[in-house]
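**Q** need a structure here:
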Amino acid sequence: MTLELLLGLILFAFVSSITPGPNNIMLMSSGANYGFQKSLPHMFGVGIGFAIMVFLVGIGIVTLFDLIPASYEVLKVLSALYLLYLAYKIAKSSAPDHQASRSKPMTFVQASLFQWVNPKAWTMALTAISVYAPTRSFASVLLVAVIFAFVNIPSVSTWVVMGQSLNKILHKPRMLRAFNYTMAFFLVISLYPAFFS
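**A** Predicted structure coming up:
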């Protein structure tokens, strides 16, 4: 890969990782509801889980979409249903004093597996492979995955920090509830590009 292409990949990874989407909305909500420390497994699950997804997509899964184009449409519908479920869970998140018994932050494994039903993650992975590893060679796919891992984790952590900083003004249950409903709404809205772009 040329230096110019590598810089393009880094920029693409940064922009696509730091812009709003299901992962970042949920991480901001996690930061606000649970704080930075308890959101670390979620954050690392997103970064590492997405890098693994990019790698697996690049070395073969993308071929499934080439062979059976309808499979991508089925994936989009299932992803939308799961995101609607997560939006409901965010909207119903408890106030801080009830969190220990009623809700928990997303785990590393849950966040890693979530990448497979995240429409933005699929779009990012398919675009990254088709543009930056078009030959789908092992080395080029691995490089794309590694770049995303190194760029994604610091990018998504900014959303956790933003959420945690909001926690200082969300100490009243009514304000936290309003925030959670707003985040749930934005999570639903994040489905728009997957279906209407």
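**Q** From here on, just use CA atoms for contacts and neighbour counts.
**A** OK.
**Q** For T158, give its distance to N152.
**A** Going from T158 to N152 by Cα to Cα, to the nearest Å gives 10 Å.
**Q** Sketch out the helices for this structure, chain order is fine.
**A** Applying DSSP state H to the chain gives helices spanning 3-18, 22-34, 36-56, 62-67, 70-91, 99-102, 108-114, 119-132, 138-167, 173-189, 192-196.
**Q** And those, which one averages the lowest pLDDT?
**A** When the helices of the chain are compared on mean pLDDT, helix 99-102 scores lowest, with a mean of 48.
**Q** Grab the nearest non-local neighbour of the residue nearest the centre of the chain.
**A** With distances taken as Cα atoms, centre = their mean, N23 lies nearest the centre of the chain, 2.8 Å away. Nearest non-adjacent residue to N23, counting by Cα to Cα, 6 or more residues apart in numbering: V46, 7.1 Å away.
**Q** same deal with L170?
**A** Sequence neighbours aside, L176 is the residue nearest to L170 in space, at 4.9 Å (criterion: Cα to Cα, 6+ apart).
**Q** My read is that that neighbour contacts K168, right?
**A** No - applying Cα atoms under 8 Å as the test, L176 and K168 come out as separate, 10.3 Å apart.
**Q** more neighbours, these two?
**A** Under the criterion of other Cα atoms under 10 Å, the comparison of L176 against K168 puts L176 first, with 23 against 10.
**Q** From K172, how far out is A91?
**A** 15 Å.
**Q** In terms of packing, which of these two has more residues around it?
**A** Each of A91 and K172 has its neighbours counted (other Cα under 10 Å); A91 has more, 20 against 12.
**Q** Flag every buried residue along stretch 147-165.
**A** Buried residues in stretch 147-165, defined by neighbour count with 16 or more other Cα atoms under 10 Å: 147-165.
**Q** With stretch 34-47 instead?
**A** Applying 16+ other Cα under 10 Å to stretch 34-47 flags 34-36, 38-47 as buried.
**Q** again, but for stretch 127-137
**A** In terms of neighbour count (16+ other Cα under 10 Å), stretch 127-137 has its buried residues at A128, I129, Y132, A133, R136.
**Q** now swap in stretch 183-196 and tell me
**A** Neighbour counts using 16+ other Cα under 10 Å place M183, A184, F185, F186, L187, V188, S190, L191, A194 of stretch 183-196 among the buried residues.
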